[in-house]
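A.B. asks: The sequence and its predicted three-dimensional model are supplied below.
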Amino acid sequence: MRVIVVGGGVVGTMHAWQAIERGHEVVQIEREAEARGASLRNFGQIWVSGRAGGAELETALRARELWEGIGAEVPDLGFRPNGSLTLVRNERELAVARAALARPDAAARGYELLTAAEAREINPALRGAHTAALWCERDAAVEPRTAQLALRRALLATGRYTFLPGREVREVVGGHAVRDDHGDTHTGDAVVLCTGAWLSGLVRELVPDLPVRRVRLQMMQTDPLGEPLTTSVADADSFRYYPAYRGPALDALNAGQAQTATAAAHRMQLLMVQRRDGGLTIGDTHEYEHPFAFDTVEEPYEHLTEVVEAFLGRPLPRIRRRWAGVYAQCTDTTRVVHRQQVRDGVWLVTGPGGRGMTCSPAIAEATANELGW
């Protein structure tokens with residue numbers, strides 16, 4: 001079988017990986033020289049802890065299993081089962097953590113409630129102010145800026161993979177084929193469009209009423225911390241944005257403890273992961289209203305700096321990079337992804353939202369199973 005994958009981000013690359021693993025030939029087409037979208041502009045977190053129960057959690061857990069296996073095959077992914085600590089500072093936040101422990105799927109997530117001292121044993125860099133922490137053993141991380149390059153090197157080594165950068169697919173031609181802006185037609189037994197947040201042009205022509213929206217976020221990365229940050233770290237504001245924590249305890253938190261004005265205005269949470277070079281990736285914000293701003297603003301970075309320094313008990317290293325990213329999210333946020341056959345032999349797979357890095361291996365596996373690869 002010959003599979004044409006359009007899009008060089010993590011969702012597209014995982015579809016290529018699935019096809020190669022099953023013995024097929026793959027041509028992957030990317031409009032940039034390399035993927036430059038949300039697949040790079042993220043935390044690199046394999047984030048199981050906050051996922052909704054049912055299909056979303058099953059997808060995340062399966063993806064976590066697949067990531068570990070791929071990481072063993074491709075060490076340059078930087079896969080590490082580092083887990084996460086969501087730090088809490090008062091009784092309202094602690095009540096949400098305790099409610100999470102009472103979920104029937106808490107054991108599958110690897111939840112455990114730790115005292116501040118126990119959290120510091122796991123992550124000694126957290127010398128600042130917190131009273132307890134929700135530990136999630138199943139969370140993990142990879143290196144987002146280099147993951148696609150590492151995966152592509154492994155795919156190329158099979159001899160059954162071709163990467164065509166700098167080509168924008170403009171048209172679906174008959175069945176099982178697309179034409180790019182060089183005038184070349186690419187024909188396969190299946191075509192999978194994994195175009196990420198690029199929802200205009202060909203995608204709009206194929207699905208004018210696509211139930212997917214774009215979301216913008218701001219993030220930053222620091223110089224090396226100078227010591228290990230052994231886990232991913234979140235603050236209790238993250239409880240407000242992840243479906244696993246919904247319930248009366250979260251309602252009480254929202255009613256009795258407002259976010260700071262900056263955090264509320266930018267729909268913020270703290271997520272933080274240490275990169276292999278020692279720097280910290282820190283974020284994030286959520287912007288939903290179009291048109292998006294074309295610039296980044298300082299107030300979110302100031303808020304994040306304050307929160308991180310309080311947890312670390314030390315000044316944050318110099319901020320080395322600031323950026324904004326845009327990802328695609330199903331308008332029905334309970335759906336993990338939008339998968340639709342748009343023409344004979346042509347499928348569109350998009351809209352995983354902030355779950356793209358986490359769930360992409362399992363999303364691709366489900367596509368391959370559904371299409372009978």
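C.D. replies: Done, it's in.

A.B. asks: Let me see the ranges of the strands in the stretch 1-150 of the chain.
C.D. replies: 2-6, 25-30, 45-46, 84-88, 111-115, 132-136, 140-141 (DSSP state E, counting those that start in this stretch).

A.B. asks: tell me the most buried of those strands?
C.D. replies: Compared across those, strand 84-88 shows the largest average neighbour count, a mean of 28 (mean count of other Cβ atoms under 10 Å). To be clear about C-beta, it is placed using only N, CA and C from the backbone, and glycine gets the same treatment.

A.B. asks: Kindly format the C-alpha coordinates of that strand as CSV.
C.D. replies: In CSV, the C-alpha atoms belonging to strand 84-88 read as follows (Å, rounded to 0.1, in the frame of the first residue of the first chain):
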residue,chain,number,x,y,z
SER,A,84,3.9,15.6,36.9
LEU,A,85,3.2,17.5,40.1
THR,A,86,0.2,19.9,40.3
LEU,A,87,1.1,22.1,43.2
VAL,A,88,-1.7,23.4,45.6
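
A.B. asks: what's the angle from it to strand 111-115?
C.D. replies: Relative orientation of strand 84-88 versus strand 111-115 (axes from the mean of the first three to the mean of the last three Cα atoms, to 10 degrees): 50 degrees.

A.B. asks: hmm, back to that, can you list the strands of the stretch 1-150 of the chain in CSV and add distance to residue 327 and mean pLDDT?
C.D. replies: Listed next are these as CSV, based on distance: least, Cβ to Cβ, whole Å; pLDDT from 0 to 100:
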stretch, distance to residue 327, mean pLDDT
strand 2-6, 17, 98
strand 25-30, 17, 98
strand 45-46, 13, 96
strand 84-88, 20, 98
strand 111-115, 26, 98
strand 132-136, 22, 98
strand 140-141, 18, 98
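
A.B. asks: any chance of those in TSV, plus distance to residue 151?
C.D. replies: Formatted as TSV, the strands of the stretch 1-150 of the chain follow (distance: least, Cβ to Cβ, whole Å):
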stretch	distance to residue 151
strand 2-6	12
strand 25-30	10
strand 45-46	15
strand 84-88	23
strand 111-115	30
strand 132-136	25
strand 140-141	16
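
A.B. asks: Can you tell me which of those is nearest to residue 313?
C.D. replies: When the strands of the stretch 1-150 of the chain are compared by Cβ to Cβ, strand 84-88 sits nearest residue 313, at 12.0 Å.

A.B. asks: can you state the direction angle for the closest one and strand 132-136?
C.D. replies: Using the same axes, to 10 degrees: strand 84-88 against strand 132-136 is 160 degrees.

A.B. asks: Distance-wise, check the spatially closest residue to residue 327 that is not a sequence neighbour relative to residue 227.
C.D. replies: Leaving aside its chain neighbours, residue 327 sits nearest to residue 38 (3.9 Å; criterion: Cβ to Cβ, 6 or more residues apart in numbering). For residue 38, the distance to residue 227 equals 29 Å [Cβ to Cβ, to the nearest Å].

A.B. asks: More neighbours: which of the two?
C.D. replies: residue 38 (25 against 12; other Cβ atoms under 10 Å).

A.B. asks: ok, back up a step: contacting residues for the residue nearest to residue 327?
C.D. replies: 9, 196, 197, 325, 326, 327, 328, 356 (Cβ atoms under 8 Å, 6 or more residues apart in numbering).

A.B. asks: Alright, calling it a day.
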